[in-house]
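> no FASTA, just this:
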């Protein structure tokens, strides 16, 4: 559980750092899950480098990668399913979103040492706009993160500006919104940083010799409908707390038709 002051902090600033949500063993289970996913993907035709080209390489050559990303990781490893319904996670979500909480998607991001790319400042809103803006991200840290290895930076209170036009839908004008001017959010492994999808955020490159691994979940109130059909995932619609206000069908063929 989080305090009323922390709930108010999220409402006012658009983000909240909650410490020790997951135990050392739970973090280790997720780390191992990340490793297995990357290794299996590298042997398949589904290998992905998130937004940048690249292949998964041996540890000695890992620095050549920029950023490794895979969506819907809870369909690959049970550790990620346990994490999103963990009592420590859902108790926070219930206070930030409400009694009914629905998963939109999950993904993992691996920022490799020494050459892990920056993520320019942006809002998540353009990717999956919703009517009531209840969507938030829960960034689960699997490694200690600081400014040296590219921790998250946020602009407190920026969610109150509402949707902001992005360049090519992806990023804000970096002359107006620089990562360096954001507030850094250093965190320990097992911590979770929650932030509204309208909160401006980004991260600097990983200049360290340490990998930075995160699992990111996007959650919403199930009554908060998308403005348009976008960013459809197999995991979309899974309830992690409470109930849906209406009966809805979720069929794979309907999802595939939108891709």
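Nice, thanks for sending it over. Quick caveat, the model's predicted, so the values are computed rather than measured. Residues are numbered from 1 along each chain as shown.
> show me where pLDDT drops low in the stretch 1-150 of the chain?
Along the stretch 1-150 of the chain, segments meeting pLDDT under 70 span 45-68, 114-117.
> strands along that one, start to end?
15-18, 68-71, 101-111, 119-122, 136-141 (DSSP state E, counting those that start in this stretch).
> name the helices or strands packed onto the second one?
Using 3 or more Cβ pairs under 8 Å, 6 or more residues apart in numbering; DSSP states H and E as the contact criterion, the secondary-structure elements in contact with strand 68-71 are helix 24-42, strand 101-111. (C-beta placed from N, C-alpha, C; glycine too.)
> could you identify which of these is most buried?
strand 101-111 (a mean of 24; mean count of other Cβ atoms under 10 Å).
> other SSEs contacting it?
For strand 101-111, the elements it packs on are helix 24-42, strand 68-71, helix 78-84, helix 87-96, strand 212-220, strand 239-241, judged by 3+ Cβ pairs under 8 Å, 6+ apart.
> tell me, what residue is most central in the chain?
Among the residues of the chain, the one closest to the centroid is residue 216, at 2.6 Å (Cα atoms, centre = their mean).
> correct me, but that one touches residue 104?
No: counting by Cβ atoms under 8 Å, residue 104 is not a contact partner of residue 216; they are 10.7 Å apart.
> how many other residues sit next to residue 163?
Here the number of neighbours of residue 163 (other Cβ atoms under 10 Å) works out to 13.
> before we move on, what SS does it have?
Of the three states, residue 163 takes coil according to DSSP: H, G, I helix; E, B strand; the rest coil.
> quick one, what contacts the nearest residue to it once chain neighbours are set aside?
Spatially, and ignoring its direct neighbours in sequence, residue 163 is nearest to residue 125 (5.2 Å; Cβ to Cβ, 6 or more residues apart in numbering). Applying Cβ atoms under 8 Å, 6 or more residues apart in numbering to residue 125 gives the contacts 133, 135, 163, 197-198.
> ok, 10 Å please
For residue 125, the contact set (Cβ atoms under 10 Å, 6 or more residues apart in numbering) comprises 133, 135, 159, 162-164, 166, 196-199, 227.
> and those residues, which two are furthest apart?
199 and 227 (18.1 Å; Cβ to Cβ).
> for these two, indicate the residue with more neighbours.
Remark: of residue 199 and residue 227, residue 199 carries more neighbours, 24 against 11, as counted by other Cβ under 10 Å.
> that one touches residue 124, doesn't it?
Yes: using Cβ atoms under 10 Å, residue 199 and residue 124 qualify as a contacting pair, with a distance of 8.3 Å.
> residues that sit against both of those two, list them.
In terms of Cβ under 10 Å, 6+ apart, residue 199 and residue 124 are both contacted by the residues 136-137.
> tell me the spacing between the residue nearest to residue 163 and residue 159.
Between residue 125 and residue 159 the distance, using Cβ to Cβ, to the nearest Å, works out to 9 Å.
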